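1. here is a sequence with its predicted model. Questions after.
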Amino acid sequence: MVDTGAAPRYEVLLVDDQEQVRSLVGAWLRGQGATVLIATTGEQAIELASACRVNVVLTDYELPGIGKVDLVAALREAQPQARIIVMSGGEVSGIDLERLRQAGMERFLAKPFGLQHLREAVLQGA
């Protein structure tokens, strides 16, 4: 196999109810060569995850509607091969983190996070 030096192609489902986060993170992901699908609610995320194959799901912890653990479990069911990354600007208890892991979360990012942390989380295994 020949290494062309090209960045790997990957698809990311970005779920956040804050426009600024969607805009900044989405633009960075596109700049890294990702195809980015956007959802603003957990329900939209589940619909997209059920209809489209993605490599990574990057979702906010605090979304209106569906419960946090239920969202991660539904996303894992729809996308068993995807890395699910949960991000939050608030405190998340150790118990909640464990429940998220059991539901299918692979990584947690505390907001604000640096681009290096985002790169590591998203590109891990890409």
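-> Structure received.
2. going forward, measure contacts between C-alpha atoms and count neighbours the same way
-> OK.
3. for A6, give me the pLDDT.
-> At A6, the predicted lDDT confidence score is 50.
4. mind checking the SS state of the most centrally placed residue in the chain?
-> Centroid-nearest residue in the chain, with Cα atoms, centre = their mean: L58, separated by 0.9 Å. Secondary structure assignment for L58 (DSSP: H, G, I helix; E, B strand; the rest coil): strand.
5. close enough to count as contact, it and V21?
-> No - counting by Cα atoms under 8 Å, L58 does not reach V21; the two are 11.2 Å apart.
6. how about the helices in the protein?
-> 19-31, 42-51, 68-78, 94-103, 115-123 (DSSP state H).
7. need the winner for burial among these.
-> helix 68-78 (a mean of 21; mean count of other Cα atoms under 10 Å).
8. and that helix, what other elements does it pack with?
-> Applying 3 or more Cα pairs under 8 Å, 6 or more residues apart in numbering; DSSP states H and E, one finds that helix 68-78 makes contact with helix 42-51, strand 83-88, helix 94-103.
9. take these and write them to CSV, including distance to V69 and mean pLDDT.
-> Listed next are these as CSV, based on distance: least, Cα to Cα, whole Å; pLDDT from 0 to 100:
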stretch, distance to V69, mean pLDDT
helix 42-51, 11, 96
strand 83-88, 10, 95
helix 94-103, 5, 95
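10. possible to save the helices of the chain as JSON lines with distance to S88?
-> Shown next, in JSON lines, are the helices of the chain (distance: least, Cα to Cα, whole Å):
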{"stretch": "helix 19-31", "distance to S88": "11"}
{"stretch": "helix 42-51", "distance to S88": "14"}
{"stretch": "helix 68-78", "distance to S88": "11"}
{"stretch": "helix 94-103", "distance to S88": "11"}
{"stretch": "helix 115-123", "distance to S88": "13"}
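11. since that was my last question, I'll sign off now.
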